[in-house]
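K.L.:
how does the following fold in three dimensions:
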Amino acid sequence: MSSITETAAFLQAKISIAPEFGIVLGTGLGGLVNDMIVSHSFSYDEIPNFPVSTVESHSGKLIFGTLSGKNVVAMQGRFHYYEGYSMEQIVFPLRVMKLLGIKKLFVSNASGGLHSAYEKGDLLIINDHINLFAGNPLIGKNIDELGPRFPDMSAPYDRKMIADANAIAYAAGIVVRNGVYAGLSGPMLESPAEYKYLRIIGADAVGMSTVPEIIAARHMALPCFACSIVTDLCHGEIIPVSLAEIIAIATKAEPKLTHLIKNLIAIQ
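P.N.:
Have a look, this model is predicted:
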């Protein structure tokens with residue numbers, strides 16, 4: 001807890017706003033900051049105790065400012081288990097955000113579509129998840145200052161924000177899916193047999209992030225909203241995909257996601 005407090009104090013001494021909402025921006029989705037009025041920006045390597053992103057599609061900045069008239073703090077690039085970080089390191093920034101005063105969390109990612117109806121570029125509003133990581137960030141001694149030993153996970157994703165997001169998408173003519181996200185460690189993409197297994201157990205999409213973040217956020221009683229861009233298809237004939245293709249699809253679909261999150265934050 002001391003390192004979380006130290007980092008929060010460092011940032012509070014340098015910022016002039018109190019963020020209401022935290023945002024985590026995933027692969028190819030960092031452009032939302034272009035719609036922010038930025039007041040402060042910190043590279044991860046200049047923040048005490050912060051990990052540093054090693055993924056080329058994650059720029060690695062913590063950005064404070066306003067979006068849709070609300071004070072926000074955005075992670076432009078996240079940390080992943082496959083980078084060699086511990087679960088505690090992956091969720092460290094979220095715990096710092098909580099101490100800075102955020103009241104809700106918004107998360108984005110890129111995922112593979114397991115559901116046969118999904119197409120590349122679709123938006124998926126996540127309404128539940130399956131944790132297939134090797135562990136979770138709550139293992140070990142509980143941080144009582146942040147939350148209870150046994151947090152409830154009956155509604156990991158906030159139902160009111162999900163309903164609002166669906167209404168915003170409908171009004172804008174944006175097709176969205178609602179479904180279950182499976183989180184795996186990566187970094188390899190899954191085999192055809194693994195994709196089949198994931199479909200059998202009820203997953204609609206699969207990715208390498210988000211689940212640890214949501215678990216940590218719910219431990220701290222933060223309402224969560226998560227949306228994914230389906231960047232590759234994991235049903236039917238499995239075709240090899242490159243990171244460049246994934247980023248290109250995410251970038252093309254990003255304006256739809258930006259519209260959704262901007263308007264959702266505006267009504268919170």
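K.L.:
which strands or helices does the lengthiest helix in the chain pack on?
P.N.:
Longest helix of the chain, by residue count under DSSP state H: helix 243-266. Other helices and strands packing on helix 243-266, by 3 or more C-beta pairs under 8 Å, 6 or more residues apart in numbering; DSSP states H and E, are strand 70-76, strand 104-113, strand 123-131, helix 159-172, strand 224-233. For the C-beta atoms, the positions are set from N, CA and C on the backbone; glycine is no exception.
K.L.:
swap in 6 Å and give it another go.
P.N.:
Under the contact criterion of 3 or more C-beta pairs under 6 Å, 6 or more residues apart in numbering; DSSP states H and E, helix 243-266 touches strand 104-113, helix 159-172, strand 224-233.
K.L.:
and those as CSV, adding mean pLDDT and mean neighbour count?
P.N.:
Formatted as CSV, these follow (pLDDT from 0 to 100; neighbours: other C-beta atoms under 10 Å):
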stretch, mean pLDDT, mean neighbour count
strand 104-113, 96, 26
helix 159-172, 98, 15
strand 224-233, 96, 25
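K.L.:
need these in JSON lines (columns: distance to residue 256).
P.N.:
Output for those, formatted as JSON lines (distance: least, C-beta to C-beta, whole Å):
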{"stretch": "strand 104-113", "distance to residue 256": "11"}
{"stretch": "helix 159-172", "distance to residue 256": "8"}
{"stretch": "strand 224-233", "distance to residue 256": "8"}
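K.L.:
and of these, who's closest to residue 131?
P.N.:
Closest of the helices and strands packed on helix 243-266 to residue 131 is strand 224-233, at 13.5 Å (criterion: C-beta to C-beta).
K.L.:
in CSV, list the C-alpha atoms belonging to the longest helix of the chain.
P.N.:
Extracted in CSV, the C-alpha atoms of helix 243-266 (Å, rounded to 0.1, in the frame of the first residue of the first chain):
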residue,chain,number,x,y,z
LEU,A,243,0.0,-7.4,-35.2
ALA,A,244,0.0,-4.9,-38.0
GLU,A,245,-3.4,-6.2,-39.2
ILE,A,246,-4.8,-6.1,-35.7
ILE,A,247,-3.7,-2.5,-35.2
ALA,A,248,-5.0,-1.4,-38.6
ILE,A,249,-8.5,-2.8,-37.8
ALA,A,250,-8.5,-1.3,-34.4
THR,A,251,-7.5,2.1,-35.7
LYS,A,252,-10.2,2.0,-38.4
ALA,A,253,-12.9,1.1,-35.8
GLU,A,254,-11.6,3.5,-33.2
PRO,A,255,-13.9,6.5,-34.1
LYS,A,256,-16.9,4.4,-33.2
LEU,A,257,-15.4,3.4,-29.8
THR,A,258,-14.4,7.0,-29.2
HIS,A,259,-18.0,8.2,-29.9
LEU,A,260,-19.3,5.6,-27.5
ILE,A,261,-17.0,6.4,-24.6
LYS,A,262,-17.2,10.2,-25.0
ASN,A,263,-20.9,10.2,-24.9
LEU,A,264,-21.1,7.6,-22.1
ILE,A,265,-18.8,9.7,-19.9
ALA,A,266,-20.8,12.8,-20.7
